[in-house]
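>>> give the three-dimensional model of this entry:
(chains A and B)
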Amino acid sequence: MIRLERLEKAYPEFDMELDLAVEAGELISVLGPSGSGKTTTLRLIAGFEPVDAGRIVINGEDVTGLPPAGRHIGYVFQDYTLFPHMSVAQNVGYGLRIRRVEAGRIRRRVDELLELMDLPGYGKRRVDTLSGGERQRVAIARALAVDPVLLLLDEPFSSIDEVLRRDLRREIVRLQRELGITVLFVTHSRQEALSISDRVAVLRQGRLVQYASPVELYRRPVDRFVAGFVGEMSLVPHDGTNLVLRPEQVSLAPVSAGGPADREGGGAPGGSSVRATVRSRQFLGFAWLYELDSEAGVLLAYDGRRYEEGTQLIARWSEGSRVSRE
Amino acid sequence: MSRSLLYAGVVAFFALFFFAPIGGVYMEALRGVPAGVVLERVRSVLASTRTMRIVGFTTGQAALSAAIAVVAAMPLAYMISHYTFPGKRLAYSLSLIPFVLPSIIVVVCMISFYGKSGLLNSIFGTDFNLVYNFRGIVLAHVFYNFSLAIRIISTAWSSIDRRFREAAESLGERPLGLFVRVTLPLLAPAIVSAFVLIFIYCFLSFGIILVFGGVRFSTIEVAIYQETYVNLDLITAAVYATLQLGLSVGFLALASRAIGRARVARSGSECVLPSLAAASRVGRVFMTAYAVAAVVFVLGPILTMVARALTNADGAFSIEGFRQLLVPGAADRNVEGILRSTIPGVIWRSIAIAAASGTLIFLLAAALALSLRGKRPSSFESFLQLPMAMSFVTVSLGLRFVWGATIAPAALVVLGQFFIGFPLVFRILRTGVDELGDGLVRSAEILGASRWAVLRDVEVPLLRRTLLNGYAYALALPFADLTVVLAAGRGRIATFPVAIYRLIGFRSFDLALALAVIYILICLGLFLVIDATSMQPQRLAVQEPRHDTA
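Numbering: from 1, shown residues only, chains lettered A, B, ... in the order given. Take a look at the predicted model:
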């Protein structure tokens, strides 16, 4: 439904080259560190920047050379970018006014959207009287008003506090399911990407490094960079490659109860146990995150029991995923 | 503690040298006249058709001049805020020159370029009279204030977040709709404030009207001057001064309401401007042609005047005027008698008085701007802007009445000129200081820096450009002043504008031109020095880091 074909864009200190295909009705997150090209990708799709080479195809139509106004795309900016000289209703109805929709119909559609965004009766409010979360919902309503074929969200929740952000994330998922629209969502938060997406595109320095479902990304990262970027992990050498261990894959047990401390083969690749010493710990609420020294290297593990620093334990794991690439 | 001391000092300064003189004029006007007679005179002045005509003309020409300046500035403001092009920075600096020219030099420039025997008429073989009439007045006012409009509007235009454009475009907006529905409303505060500022300057216009208005056209300020010095009717002068103050304060108040209601949209990130070559072909051609026309409009009259200063009566190249002025004993007439001073005396005195006034203006404006950082505009600030609305003929006269016996004329001139430059310089510094924000200063304070260390290590380096800009205006406005020097200096003090005025009065147009050129060269030198020292990459440090590339 959306295809980016060998899309190229170069800046003085950055260049990108990207292939990406998104199915209709999918919610895709674009995840990456600062400077990876996430926002650039969105801006190219929206037409805010010209591409150097390649094609952007939306619903079979090549839109590469079209101005933003001709692409039927909704765009939501990080800091809302609501027009300060218009009321909430005028902001939401703006795109319809451009299309010369009759005033009564605009009013009904705006009310409907404000209802949908859980902002009933906000129409007459001035934009600068709204909270950050309310502004962002108005911005989303404004983008949805013109029935875009694709909704682009550029780190939409990064200026909003944590609790509200969780609500808005749910809201996005609900909307996307209800309206069946295709959404491309840029974020640098792995939690955000993993929790709401059908698939996640991980970018690094202008290149797509992995494009997979959240579960696949977390369980089978293609390299050490992706592995580290999408979650906590420790890396142990195994058969000439590296094994990525998530903290929940490593279990801890007291030495006395654990039997012999030497390695024993588990079922899955790299299953093993090793003697380890608690180096430090962090309380996370549901468990402690332990950092341990062992002969296999530094290990991370969750455990509900409390161990003091320096305690000798047995660390065990039965599965892990190989990464060959560094 | 020290802050309230500063405010109290400023209020006392205003009371002594601004309000007391104005009061002095009223006292002088009313002395020995029975109340009934005064009321009858006030009534008859206000009811006269002459008053109606003067007020109508003053308001009408100011509104027209300001409207033309603002509309004509829009394409250039767009060009400056959206593109880079060769010579942009230089043109931007030089464009301010008309604004700091004394009105008497503007008059000379306009006559050289647009007059009956001016350059335009001789090029086209026509006989249009564009000076000494209503058109001439408006033309001179637009010439005077054009670059001010460009500056205010282009600054606001560059600060409009480009994402507003992008948001609108993604919703299907086309260029014309974008301009009408988004850009214009966001620019409105800047447009209104440029309009009002220029309106007020033209409303209070003196020198240009004095020369071009003849007997037909008179602003309120010129009428005050005539009543005071020609008709010696202080009561009528006082009525006009009150009327003028009331009207201009009213306009300023209306404008500040309009500006206050609009919400400002500031850009979160600095973006690199594309070259003009990136514009569409039609846009490029239009903008280039428009910019060339603007350069001709601003520089044409000045260069023509310079060229005329360098030619003799036969049209051949000659530096006779400069020789007569600068070489002792070379003059074929009694220059010192005309000027009532020597040329080195004029130069030295002009610079000394401007330096004294400018430094006083700058120090007080900077101290106030720094102490008001982060505060919302208050009535105290409106109070500080009051001199902008006042007749300087009146203030100068009052300074003489109240302080003439105790303060030397040169010092009186400095005090009077303070109020000419202060409102604008304070405004420039206030805006600049506020843009720097609170964070960096607070960080320095937390790290243990004293007030002086913060000033030295944070504010002065980061505000360097704003401070230099403010200081330039603080020096240039008194340097160009004619009104206060003439009215408060009791004819004893000859600065550049006074000397040029006297030379024209004695029909020594050739020497007046030469002296005007010397004046412009000094201003040019000042501007180039400031331009060269103000380009510092340090301002970049204030920008917030961006999240993502591009």
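
>>> can you list the residues of the stretch 51-200 of chain B near chain A?
B:161, B:163-164, B:166-174, B:177, B:181-182, B:185-186, B:188 (CB under 8 Å from any CB of the partner chain). Just so you know, the C-beta spots here come from the backbone N, C-alpha and C atoms, and that holds for glycine as well.

>>> just the ones of those in strands?
Here DSSP state E is the test, and these give no hits in strands at all.

>>> which among those end up buried?
B:161, B:163-164, B:166-173, B:177, B:181-182, B:185-186, B:188 (16 or more other CB atoms under 10 Å in any protein chain shown).

>>> for the residue lying closest to A:Leu179 once chain neighbours are set aside, give me its contacts.
In space, and not counting its chain neighbours, A:Leu179 is closest to A:Leu144: 7.3 Å by CB to CB, 6 or more residues apart in numbering or on different chains. Going by CB atoms under 8 Å, 6 or more residues apart in numbering or on different chains, A:Leu144 touches A:Gly74, A:Leu113, A:Leu116, A:Leu151, A:Leu175, A:Leu179, A:Ile181.

>>> do you know how far A:Leu144 is from B:Arg400?
Taking CB to CB, to the nearest Å as the measure, A:Leu144 falls 70 Å from B:Arg400.

>>> same check, this time on A:Gly60
Distance from A:Gly60 to B:Arg400, by CB to CB: 84 Å.

>>> tell me which of these two has more neighbours.
More neighbours surround B:Arg400 than the other of A:Gly60 and B:Arg400, with 22 against 7 (other CB atoms under 10 Å in any protein chain shown).

>>> dihedrals phi and psi, that one?
phi -70, psi -50 (degrees, to the nearest 10).

>>> B:Ile191 against B:Ala69, yeah?
No: contact status for B:Ile191 versus B:Ala69: not in contact, 11.0 Å apart, counting by CB atoms under 8 Å.

>>> among those two, which residue is more densely surrounded?
B:Ala69 (27 against 23).

>>> show the end-to-end separation of stretch B:17-35, please.
Taking CA to CA, to the nearest Å, stretch B:17-35 runs 27 Å from one end to the other.

>>> for the stretch 201-326 of chain A, give me the ranges with low pLDDT.
In the predicted model, the stretch 201-326 of chain A carries pLDDT under 70 at residues A:256-271, A:324-326.

>>> pull the contacting residues for the closest residue to chain B within it.
Closest to chain B within the stretch 201-326 of chain A is A:Gly206: 8.5 Å, counting by CB to the nearest CB. A:Gly206 sits next to A:Lys9, A:Phe14, A:Asp15, A:Met16, A:Glu17, A:Leu18, A:Ser36, A:Gly37, A:Thr40 when contact means CB under 8 Å, 6+ apart.

>>> filter those down to the ones near chain B?
Within those, those near chain B by CB under 8 Å from any CB are A:Lys9, A:Phe14, A:Ser36, A:Gly37, A:Thr40.

>>> of the residues you listed, which belong to helices?
A:Thr40 (DSSP state H).

>>> got a winner among the ones next to chain B among the contacts of A:Gly206 for most neighbours?
A:Gly37 (28 neighbours).

>>> torsion angles phi and psi at that residue?
phi 100, psi 10.

>>> okay, it: pLDDT?
For A:Gly37, the model assigns a pLDDT of 91.

>>> likewise the one 3 residues further on?
Residue-level confidence at A:Thr40 comes out at 92, pLDDT.

>>> what's the answer for B:Ile22, then?
For B:Ile22, the model assigns a pLDDT of 91.

>>> quick one, what contacts it?
Residues in contact with B:Ile22 (CB under 8 Å, 6+ apart) are B:Ala241, B:Met390, B:Thr394, B:Val395, B:Gly398.

>>> out of those, which is nearest to B:Arg323?
Closest approach to B:Arg323 among these (CB to CB): B:Val395, at 39.2 Å.

>>> apart from its chain neighbours, what residue comes closest to that closest one?
Per CB to CB, 6+ apart, closest to B:Val395 is B:Pro21, 5.5 Å.

>>> how many residues are close by that neighbour?
For B:Pro21, the neighbour count with other CB under 10 Å is 25.

>>> that one reaches B:Phe401, doesn't it?
Yes: using CB under 8 Å, B:Pro21 makes contact with B:Phe401 at a distance of 6.9 Å.

>>> in three-state terms, label B:Arg373 for me.
Judged by DSSP: H, G, I helix; E, B strand; the rest coil, the three-state class of B:Arg373 is coil.

>>> mind listing the helices for the stretch 301-450 of chain B?
Ranges of helices in the stretch 301-450 of chain B, per DSSP state H, counting those that start in this stretch, are B:320-326, B:335-339, B:343-371, B:379-385, B:392-403, B:409-436, B:439-446.

>>> the last one relative to helix B:343-371, how many degrees between them?
If you take axes from the mean of the first three to the mean of the last three CA atoms, to 10 degrees, helix B:439-446 sits at 80 degrees to helix B:343-371.

>>> list of residues touching whatever helix or strand comes next after helix B:439-446?
Using DSSP states H and E, the helix or strand that directly follows helix B:439-446 along the chain is helix B:451-454. Contacts to helix B:451-454, defined as CB under 8 Å, 6+ apart, come from residues B:Val441, B:Ala444, B:Glu445.

>>> tabulate those (CSV), appending neighbour count, distance to B:Ala330 and pLDDT.
Shown next, in CSV, are the contacts of helix B:451-454 (neighbours: other CB atoms under 10 Å in any protein chain shown; distance: CB to CB, whole Å; pLDDT from 0 to 100):
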residue, neighbour count, distance to B:Ala330, pLDDT
B:Val441, 21, 57, 77
B:Ala444, 18, 58, 78
B:Glu445, 14, 61, 76
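
>>> which one among those residues gets closest to B:Asp127?
Nearest member of those to B:Asp127, counting by CB to CB, is B:Val441, at 61.8 Å.

>>> contacts only, for the closest one.
Contacts of B:Val441 (CB under 8 Å, 6+ apart): B:Arg373, B:Val454, B:Val458, B:Glu459.

>>> rerun at 7 Å
B:Val454, B:Val458, B:Glu459 (CB atoms under 7 Å, 6 or more residues apart in numbering or on different chains).

>>> please report how far it lies from chain A.
For B:Val441, the distance to chain A equals 24 Å [CB to the nearest CB, to the nearest Å].

>>> bridging residues for A:Glu61?
Per DSSP bridges, the residues bridged to A:Glu61 are A:Ile58.

>>> up against chain B, what does chain A have?
Residues of chain A lying close to chain B (CB under 7 Å from any CB of the partner chain) are A:11, A:14, A:34-35, A:37-40, A:46, A:48, A:67-69, A:73-75, A:77, A:79, A:81, A:83-85, A:94-95, A:98-99, A:128, A:146, A:155.

>>> out of those residues, which are buried?
A:14, A:35, A:37-40, A:46, A:48, A:68-69, A:73-75, A:77, A:79, A:81, A:83-85, A:94-95, A:98, A:146, A:155.

>>> just those: which are in strands?
A:Phe14, A:Ile73, A:Gly74, A:Tyr75.

>>> does the second one touch A:Val146 like I think?
It refers to A:Ile73. No: between A:Ile73 and A:Val146 there is no contact under CB atoms under 7 Å: 9.4 Å.

>>> ok, the residue of the stretch 151-300 of chain A found nearest chain B - contacts?
Closest to chain B within the stretch 151-300 of chain A is A:Glu155: 6.9 Å, counting by CB to the nearest CB. Residues in contact with A:Glu155 (CB under 7 Å, 6+ apart) are A:Gln78, A:Val186, A:Thr187, A:His188, B:His547.
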